[in-house]
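Peer 1: below is the structure, and that's it, no one-letter string:
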């Protein structure tokens, strides 16, 4: 039996909107699970159902062997970090951390011990007497995490906690969250729309779209082996290139080139997906790209150009390579690293 | 130069405003330190006289009224109890009903809110007879309960608290829930401290409202024991002497000055909270 089990969980709002469809998954003890998907896909709703902040319309959620559908949020022993932190503005940091413990009737000495431990772990000991309004974004973030840690809950829930931070701090906090989770070892679920966050944090990743889990697996599995066009387009940066084409008797025709021996029995219109980083320059390659734009990131160059009818085709090459706007490139796909999707439903067919 | 001119103008306007506010009060105060004969002969005085202690002592301790049973000091206590009771209960009831309206999803929340709001159109003066009937049927005439109770429901304060609670982010409630706060704890630990400036403001308004009630205590009380300051202003130091002796003008000025003190004190005390709340944005 898994630590957290979702069985055919469904959420239908009173106005008829179906936010989550029959979602089932298991999360193991100590695992770091990330829900990733575009905004409005139901990932936050799913998280809030685990927290008990939303009712479950159908299905069951088991936490640590107990059915928690009807258990009050305060008794589920879960801790949540909110997008805007939801720190208690009228309490100082110490009381923010201590509040949940006080409500559990823990003795003053124990509270003090626990709060100080958590504060030390998060390096916020100096700010314990300050009000949240006197803290910077990163410090508030730490306090919010401290509030979760101090209760030593069964599970941490993070609802897009990094989206209010600036880019640099976000990367730093991302690292800290990961380190902290490894140190504390508490099962965690992290919701985000940022695929880089998802890839870097997750032990396992659930890509959610329209209230359904499109794919569940380790980040590398999902990156290497996306099951659908949606997952392929969502995971990976810059985004995968999609080209229209036709697959017939294992030969794929698309935008002025052909690929033979495609490992698929599918016949009909398809979408060919190629990641920008899975190509390299050669003398006589498959794809002829006329360069429109070059983005120099330093370590890498992102080359955007046109191949036949497809605009903004992206190719990624090392930053040392100098490529001029207007030049023509000849590209090959490395090691048959391409993906073929059924055009009608977006499912992977190769 | 331009800035200077506008500054001077602004100051002139401000000073005029201050004078407009202060002069009548000073005139009353200065006049209250003379004896009545001087005032009747020479009109209101700007300078101080030598009767201050005698006049104020007389006002506070002399028994007045129809049957000479009540002193001004007693009336001050009555007014204070009434205003304090009204302000305290109004704030508590309004804050709690607004909490119910905002945080508890029940079907008729919106109609009930509008019903409460509509009562703004029906002030006490309009419903004075039914109110009196109810209070007298309950046997509450001539009691502090009777003075306070009919005035403790407040649509205005409920409305203000409701608007304030609506600005508090939902995450705060959710976070508190996960931290094990029940609905009572959330009210006491979160809404009350967060709205303390609101509470202070409402308390000031409602205290002054309660203190300046005239019609209700006038109808409610037949025993002089429950007379309030505002009622006294009409009655004390006049009727028993009219036509017989000189009106006691100096004492009446002293009485007016004294009657202003309690509301001023409340404002001065709670002003600290006010300013604190304005400086720290705690949301």
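Peer 2: Cool, the structure landed. Computed from a prediction, not measured in an experiment: that's the story for all the values here.
Peer 1: and residue 145, what pLDDT?
Peer 2: No chain was given, so I picked chain A. Residue A:145 carries a pLDDT value of 90.
Peer 1: that was the other one, I meant chain B.
Peer 2: For residue B:145, the predicted pLDDT is 91.
Peer 1: please apply the same query to the one 3 residues further on.
Peer 2: Reading off the per-residue confidence, residue B:148 sits at a pLDDT of 91.
Peer 1: check for me that it belongs to a helix.
Peer 2: Yes - the assignment for residue B:148 (DSSP: H, G, I helix; E, B strand; the rest coil) places it in a helix.
Peer 1: nearest spatial neighbour of it, skipping sequence neighbours?
Peer 2: Once flanking residues are discounted, residue B:148 sits nearest to residue B:85: 3.8 Å by C-beta to C-beta, 6 or more residues apart in numbering or on different chains. Every C-beta, even on glycine, is put in place using the N, C-alpha and C of the backbone.
Peer 1: tell me the helix or strand right after the helix or strand that contains the one you found.
Peer 2: Using DSSP states H and E, residue B:85 sits in helix B:72-103. Counting by DSSP H and E, the next helix or strand C-terminal to helix B:72-103 is helix B:109-118.
Peer 1: need the strands for the stretch 151-283 of chain B, in chain order.
Peer 2: Secondary structure of the stretch 151-283 of chain B (DSSP state E, counting those that start in this stretch): no strands located.
Peer 1: for it, which residues are neighbours of chain A?
Peer 2: For the stretch 151-283 of chain B, the contact set with chain A under C-beta under 8 Å from any C-beta of the partner chain comprises B:169, B:171-172, B:174-182, B:185, B:189-190, B:193-194, B:280-283.
Peer 1: helices along the stretch 101-250 of chain B, start to end?
Peer 2: B:109-118, B:128-137, B:144-148, B:155-166, B:170-178, B:183-186, B:192-194, B:196-211, B:215-220, B:229-235, B:249-279 (DSSP state H, counting those that start in this stretch).
Peer 1: so which bits of the fourth one are buried?
Peer 2: What it means is helix B:155-166. Buried residues in helix B:155-166, counted by 16 or more other C-beta atoms under 10 Å in any protein chain shown: B:155, B:156, B:157, B:158, B:159, B:160, B:161, B:162, B:164, B:165.
Peer 1: also the longest one?
Peer 2: For helix B:249-279, burial by neighbour count (16+ other C-beta under 10 Å) applies to B:249-259, B:262-263, B:266, B:270, B:273, B:277.
Peer 1: same check, this time on the shortest one
Peer 2: Within helix B:192-194, the residues that count as buried by 16+ other C-beta under 10 Å are B:192, B:194.
Peer 1: just the fifth one next, same as before
Peer 2: Within helix B:170-178, the residues that qualify as buried are B:171, B:172, B:173, B:174, B:175, B:176, B:177, B:178, counting by 16+ other C-beta under 10 Å.
Peer 1: residues in contact with that helix?
Peer 2: For helix B:170-178, the external contacting residues (C-beta atoms under 8 Å, 6 or more residues apart in numbering or on different chains) are A:51-53, A:73-74, A:78-80, A:82-84, A:86, A:88, A:99-100, A:147, B:103, B:185-186, B:189-190.
Peer 1: repeat that for 6 Å
Peer 2: Contact partners of helix B:170-178, identified using C-beta atoms under 6 Å, 6 or more residues apart in numbering or on different chains, comprise A:53, A:73, A:74, A:80, A:82, A:84, A:86, B:186.
Peer 1: which ones are touching the fourth one?
Peer 2: This means residue A:80. A:51, A:157, B:178.
Peer 1: make it 10 Å
Peer 2: For residue A:80, the contacting residues are A:47-48, A:50-53, A:73, A:86, A:144, A:147-148, A:153, A:155-159, A:161, A:189, B:171, B:174-175, B:177-179, by C-beta atoms under 10 Å, 6 or more residues apart in numbering or on different chains.
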